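K.L.:
mind looking at a prediction? Sequence and model below.
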Amino acid sequence: MHAVAAKFHLEHGHLDPTDKTRHGELISWLDRQRYLNGQHLLDAARVSELDALGMIWSKHANAWERGYAYARARAGHHGHLAIPATEKLDGYAVGAWMRRQRKAEALGAGHAAKLDALDALDALDALDALDELWRLEPDWNRSYRRLLAHLAGGGTLGGPANRTGGEADPAFRPGAWLRKQDKARIDGKLTEQQSALLDALTRHAISARAYAECSAPTTVIRPTRRAGSTAAASPISTVSASAASTSGTGAPPAVPTVEVTERAAAQP
């Protein structure tokens, strides 16, 4: 059955089957592995094999771990955690789960609990590892990434407001979106992180010719930890020719992180 479990993980990105009609045998086998492990009767090699597949050993005790497993699967497919609140993955409300994480972080609650399945990494670090912009409102996050892709394709920050994102994203209007952000900034509706991300793009925006001839500045901006957090956020690539390129892999462009403490604010 391990081969069946491995196949399910390969297809779904997690190991939490819920459809008893289609995966009843696998569900029963996984429940058996949980029982044996709880009785300390499961071989260490089998525990290691299942851990590699993202095994959730206790669904009730580790509700956060289960939600993270789905978030990780979703991020593995899309490259980010800008998930609409209504989105589900294999029947699990991963969008609602991410909304709860954003709300908890905005209120300063955070998640100090350690995750055994992740070598005791802090929960916030675990989410940062998937998408360092996960705290942002999903629509803003996605639009910002579309702007990055537009720049990676040779686009610029200047030009008519009604210009499109090019052949790769003809529905996107980078100029109109940027003007909307300018107004939101004036009205005090942008978080410090959003403002810093936009400022970073302005500083590093260069022409398509410059992309081919030089590298962009290497300033790294990273999120500031809240008081009481013990781990530092890992840096990610700066906005440069190499960072913005998808290299034909389908991966989203890299984004700069921001060295500010986020504040709750409306996010257009």
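P.N.:
Noted; the coordinates are in hand. Residues are numbered from 1 along each chain as shown.

K.L.:
run through the helices of the stretch 101-250 of the chain in chain order.
P.N.:
With helices called from DSSP state H, counting those that start in this stretch, the stretch 101-250 of the chain shows them at 123-130, 138-152, 174-186, 192-204, 208-213, 241-244.

K.L.:
show me what the third one is in contact with.
P.N.:
Which is helix 174-186. Identification of contacts with helix 174-186 by C-beta atoms under 8 Å, 6 or more residues apart in numbering yields 143, 146-147, 150, 155, 157, 159-163, 165, 190, 194-195, 198, 266, 268. For glycine as for every other residue, the C-beta is placed from the backbone atoms N, C-alpha and C.

K.L.:
the strands in the stretch 1-150 of the chain, which residues?
P.N.:
Secondary structure of the stretch 1-150 of the chain by DSSP state E, counting those that start in this stretch: the strands cover 114-115, 121-122.

K.L.:
got a list of what Ala73 touches?
P.N.:
Here Ala73 is in contact with 12-14, 89 (criterion: C-beta under 8 Å, 6+ apart).

K.L.:
can you tell me how far the closest residue to Gly95 other than its chain neighbours is from His9?
P.N.:
Sequence neighbours aside, Glu87 is the residue nearest to Gly95 in space, at 3.6 Å (criterion: C-beta to C-beta, 6 or more residues apart in numbering). Using C-beta to C-beta, to the nearest Å, we find Glu87 at a distance of 20 Å from His9.

K.L.:
those two: which has the busier surroundings?
P.N.:
When neighbours are counted by other C-beta atoms under 10 Å, His9 comes out ahead of the other of Glu87 and His9, with 19 against 16.

K.L.:
count of neighbours near the residue lying closest to that one once chain neighbours are set aside?
P.N.:
Leaving aside its chain neighbours, His9 sits nearest to Leu53 (4.4 Å; criterion: C-beta to C-beta, 6+ apart). Using other C-beta under 10 Å, Leu53 is surrounded by 15 other residues.

K.L.:
and Asp182, by the same measure?
P.N.:
12.

K.L.:
roughly how far does it sit from Ala161?
P.N.:
As for Asp182, its distance to Ala161 is 11 Å (criterion: C-beta to C-beta).

K.L.:
then Arg173?
P.N.:
With distances defined as C-beta to C-beta, the gap from Arg173 to Ala161 amounts to 7 Å.

K.L.:
can you check Gln181 too?
P.N.:
From Gln181 over to Ala161 the distance is 12 Å, taken as C-beta to C-beta.

K.L.:
of these two, who's got more company?
P.N.:
In terms of neighbours (other C-beta under 10 Å), Gln181 is the more surrounded of Gln181 and Ala161; the figures are 21 against 12.

K.L.:
not counting sequence-adjacent ones, nearest residue to Asn141?
P.N.:
Excluding its sequence neighbours, the residue lying closest to Asn141 (C-beta to C-beta, 6+ apart) is Ala82, at 3.6 Å.

K.L.:
check contacts around that neighbour.
P.N.:
Ala82 makes contacts with 131, 133-134, 136, 138-139, 141-142, 145, as judged by C-beta under 8 Å, 6+ apart.

K.L.:
go with 6 Å
P.N.:
Ala82 is in contact with 138, 141-142, counting by C-beta atoms under 6 Å, 6 or more residues apart in numbering.

K.L.:
now do it, the pLDDT please.
P.N.:
On pLDDT, Ala82 comes in at 93.

K.L.:
residue contacts, Ala168?
P.N.:
Residues near Ala168 by C-beta under 6 Å, 6+ apart: Gly153.

K.L.:
okay, now the unreliable bits of the stretch 151-268 of the chain?
P.N.:
Within the stretch 151-268 of the chain, the ranges that satisfy pLDDT under 70 run 204-268.
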